[in-house]
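A.B. asks: Turn this into a structure:
(2 chains)
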Number of protein chains: 2
Amino acid sequence: MSSTDPDAGRTVADIGEFAVIERAVAGRPQPDTTLLGPGDDAAVVRAPDGRVVVSSDMLVQGRHFRFDWSKPEQVGRKAVAQNGADIVSMGAWPTAFLVSLGCPPDTPVALTDALTDGIWAEAQALGAGVVGGDTVQSEQVVLSITVLGDLGGADAVLRSGARPGDLVAVAGRLGWSAAGLAVLLVGSVDFPELVGAHQVPVPPYVAGPAAARAGATAMTDVSDGLVADLGHMCTASGVGIDLDSSLLEPATELRAAAAALDVDARHWVLTGGEDHALAATFPTEAVLPEGWRRIGEVRAGAGVTVDGQSWTGAGGWQSFS
Amino acid sequence: MSSTDPDAGRTVADIGEFAVIERAVAGRPQPDTTLLGPGDDAAVVRAPDGRVVVSSDMLVQGRHFRFDWSKPEQVGRKAVAQNGADIVSMGAWPTAFLVSLGCPPDTPVALTDALTDGIWAEAQALGAGVVGGDTVQSEQVVLSITVLGDLGGADAVLRSGARPGDLVAVAGRLGWSAAGLAVLLVGSVDFPELVGAHQVPVPPYVAGPAAARAGATAMTDVSDGLVADLGHMCTASGVGIDLDSSLLEPATELRAAAAALDVDARHWVLTGGEDHALAATFPTEAVLPEGWRRIGEVRAGAGVTVDGQSWTGAGGWQSFS
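C.D. replies: Reported below is the predicted structural model:
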């Protein structure tokens, strides 16, 4: 938006719903998967595979993001990233996003513009369109995102396919977002890289379809925390998973922040969500694709252990707690 | 839910997010378009046409519904119905819904159960699945629905296809929901049929694909009001529409309520949204399918007139106003 734009200093109530939407969609390029973009009763998106992969997430101000900790553009990027991660963790690729936004009438247009810019930036980085949504009045800012994806002829990789003997591997960062949140919570201005990881996760998107092609037997994204999400995989697959702590050494950045905050960096690695890493199981003979690293193995049994021991730290994220 | 269910009297915070979701999905039958239902990172839905039609709406407590005016089950039905109407107004048929729910931690489980029951009831009436969503904490109850639909090989019917000379027709009720809202606003207990129409709209679903088969040149659902939504169609098509007031006589029920409230029933017919009637344009020679009735004609020009005159009543619904 131009700084000379007279509407940038106004509120959504000043300019009205239709103008908010117009600013969100005008001039944004759509990929060729978008057969009909925003503006009609519904959009039409190509589903060349004959199946569509679909997921929704809702983010609430004060609960999932804070505008004093994250810029609106970062909130928009993160919302799209976490939805995109749900698609690649099935072995699919995102094709289109729908964004519904609830906000108070005194919300600055500059805020909704920046949110929208972040949403489009992350969607475009994926080659996906933003094809629809809704804009309504609410007390808090509420962002609801739906993502569609295409499997390209492959089978979806579910949480339920892990088998005893499979190796367990991850792609992407573990604990960075949680560490960044911890830094923000104590009011520190150090560790900008960790804070940045909390503000905008960087899911290892291409690692998802690559894992599917490499024969991954089960996959999930790490949104609630490694132990929690692998726990869901164990439940779905009827297996146990043992993690090897020597393969989960916290990154240098995490160790430095943990020392400064006098906490155990392994807790961030094992329970921190929101990095949207990918975790998958592979047959032992599989060659792990680029970006994947082994962290443990699937065993008969139930639940997640670390070096054969129960993990006694706090679990992952739950709403309403 | 059984009245002996011990959790029915508890809150969502008491039982936790995962239990809320479990209650929403356990034992619900899915249609064969649902290849993978809730429980994984994403769902997989059949898209036999190779395209998917998709739309999202967000509904906020106090703004789009009130639990003193509508039962939670009715709110759920209405949320699904208004999304379903967006799909049929493209000439497609709904295949799957995703539902994200934000609610305060002290929300009774009985309320989320009833909301869910309403959502499933309306989806099942359409033969569609409920395949995913999210559950989060928020200050108000916020419901965000996404619907997927299938075109069955047909072209989507857009708002932009109306041509001068086409006839304009509607299917479904006009003004009933607005009249029911007016009855509720004055605290009356009369006119239960109008109140019921406000609580749960009855979109003429089958009329949408039928209109597409009959050659409809443009179509929309009436969510903001007849004049407002036909105005959007005029803008998209670059035409004007003239309505014939003799073909828009208010129903007996509307006239009775209007007399009791000392208002003009035509205002409800022309500006009332939320009935999710369908409005479409057809070539003059088209035979209107069952359920459709002629109300006017497309002309060169711009905007909506009634009997050739500007309509001076208030326009349709806008957020933030």
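A.B. asks: which stretches of the stretch 101-250 of chain A form helices?
C.D. replies: Listed in chain order, the helices of the stretch 101-250 of chain A (DSSP state H, counting those that start in this stretch) span A:109-125, A:176-185, A:192-199, A:207-213, A:226-237.
A.B. asks: could I get the ones you listed as TSV with mean neighbour count?
C.D. replies: For the C-beta atoms, the positions are set from N, CA and C on the backbone; glycine is no exception. Formatted as TSV, those follow (neighbours: other C-beta atoms under 10 Å in any protein chain shown):
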stretch	mean neighbour count
helix A:109-125	21
helix A:176-185	24
helix A:192-199	20
helix A:207-213	24
helix A:226-237	22
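A.B. asks: Save these as a markdown table, and put in mean pLDDT too.
C.D. replies: Formatted as a markdown table, the helices of the stretch 101-250 of chain A follow (pLDDT from 0 to 100):
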| stretch | mean pLDDT |
| --- | --- |
| helix A:109-125 | 96 |
| helix A:176-185 | 96 |
| helix A:192-199 | 96 |
| helix A:207-213 | 98 |
| helix A:226-237 | 96 |
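A.B. asks: Among these, which comes closest to chain B?
C.D. replies: helix A:226-237 (7.3 Å; C-beta to the nearest C-beta).
A.B. asks: circling back to that earlier point, got the helices of the stretch 101-250 of chain A as JSON lines, with distance to residue B:43 columns?
C.D. replies: As requested, the helices of the stretch 101-250 of chain A are arranged in JSON lines below (distance: least, C-beta to C-beta, whole Å):
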{"stretch": "helix A:109-125", "distance to residue B:43": "20"}
{"stretch": "helix A:176-185", "distance to residue B:43": "25"}
{"stretch": "helix A:192-199", "distance to residue B:43": "28"}
{"stretch": "helix A:207-213", "distance to residue B:43": "16"}
{"stretch": "helix A:226-237", "distance to residue B:43": "14"}
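A.B. asks: Of those helices, give the one that comes closest to residue B:82.
C.D. replies: Closest to residue B:82 of the helices of the stretch 101-250 of chain A is helix A:109-125 (C-beta to C-beta; 23.0 Å).
A.B. asks: re the thing from before, now the helices of the stretch 101-250 of chain A in TSV, with distance to chain B?
C.D. replies: Output for the helices of the stretch 101-250 of chain A, formatted as TSV (distance: least, C-beta to the nearest C-beta, whole Å):
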stretch	distance to chain B
helix A:109-125	11
helix A:176-185	17
helix A:192-199	18
helix A:207-213	10
helix A:226-237	7
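A.B. asks: tell me the contacts of the single nearest residue of the stretch 101-250 of chain A relative to chain B?
C.D. replies: For the stretch 101-250 of chain A and chain B, the shortest gap (C-beta to the nearest C-beta) falls at residue A:144, measuring 3.6 Å. Neighbour list for residue A:144: A:56-59, A:99-102, B:56, B:58, B:100, B:134, B:142, B:144 [criterion: C-beta atoms under 8 Å, 6 or more residues apart in numbering or on different chains].
A.B. asks: ok, so of these, who is nearest residue A:179?
C.D. replies: Nearest member of the contacts of residue A:144 to residue A:179, counting by C-beta to C-beta, is residue A:59, at 20.4 Å.
A.B. asks: Apart from its chain neighbours, what residue comes closest to that closest one?
C.D. replies: Of all residues not flanking residue A:59 in the chain, residue A:143 sits nearest, at 4.5 Å (C-beta to C-beta, 6 or more residues apart in numbering or on different chains).
A.B. asks: what's the answer for residue A:42, then?
C.D. replies: residue B:55 (3.8 Å).
A.B. asks: related to what we said a few turns ago, among the helices of the stretch 101-250 of chain A, which is nearest residue B:172?
C.D. replies: helix A:109-125 (33.2 Å).
A.B. asks: Could you list every helix and strand in contact with that closest one?
C.D. replies: helix A:12-15, helix A:17-25, helix A:72-88, strand A:93-103, strand A:129-137 (3 or more C-beta pairs under 8 Å, 6 or more residues apart in numbering or on different chains; DSSP states H and E).
A.B. asks: sorry, back to before: and which of the contacts of residue A:144 is nearest residue B:299?
C.D. replies: Looking across the contacts of residue A:144 and measuring by C-beta to C-beta, the closest to residue B:299 is residue B:56, at 33.4 Å.
A.B. asks: quick one: strands adjacent to the helix or strand where that closest one lies?
C.D. replies: Element membership for residue B:56, per DSSP states H and E: strand B:51-60. Looking at strand B:51-60 with DSSP bridges, its partner strands are strand A:43-46 (antiparallel), strand B:142-150 (antiparallel).
A.B. asks: Return the distance of the longest one from the chain's centre.
C.D. replies: Averaging C-alpha coordinates over strand B:142-150 and over its chain gives two centres that are 11 Å apart (C-alpha atoms, centre = their mean, to the nearest Å).
A.B. asks: List the residues that contact the residue minimising distance to the centre of chain A.
C.D. replies: With distances taken as C-alpha atoms, centre = their mean, residue A:82 lies nearest the centre of chain A, 1.8 Å away. By C-beta under 8 Å, 6+ apart, residue A:82 lies in contact with A:57, A:145, A:201, A:203, A:223, A:274, A:276.
A.B. asks: how about TSV for the strands paired with strand B:51-60, with mean pLDDT added?
C.D. replies: Shown next, in TSV, are the strands paired with strand B:51-60 (pLDDT from 0 to 100):
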stretch	mean pLDDT
strand A:43-46	98
strand B:142-150	98
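A.B. asks: Can you tell me which of these is most buried?
C.D. replies: Stretch with highest mean neighbour count among the strands paired with strand B:51-60: strand B:142-150 (a mean of 29; mean count of other C-beta atoms under 10 Å in any protein chain shown).
A.B. asks: Can you pull the domain assignment for chain A?
C.D. replies: As given by automatic domain parsing, the domain ranges for chain A are A:6-150, A:159-310.
A.B. asks: Ends of the longest one, what's the gap?
C.D. replies: This means domain A:159-310. 21 Å (C-alpha to C-alpha, to the nearest Å).
A.B. asks: from the chain's centre, how far out does it sit?
C.D. replies: That offset, for domain A:159-310, works out to 13 Å (C-alpha atoms, centre = their mean).
A.B. asks: Next one: residue A:310 relative to residue B:184, how far apart?
C.D. replies: 56 Å (C-beta to C-beta, to the nearest Å).
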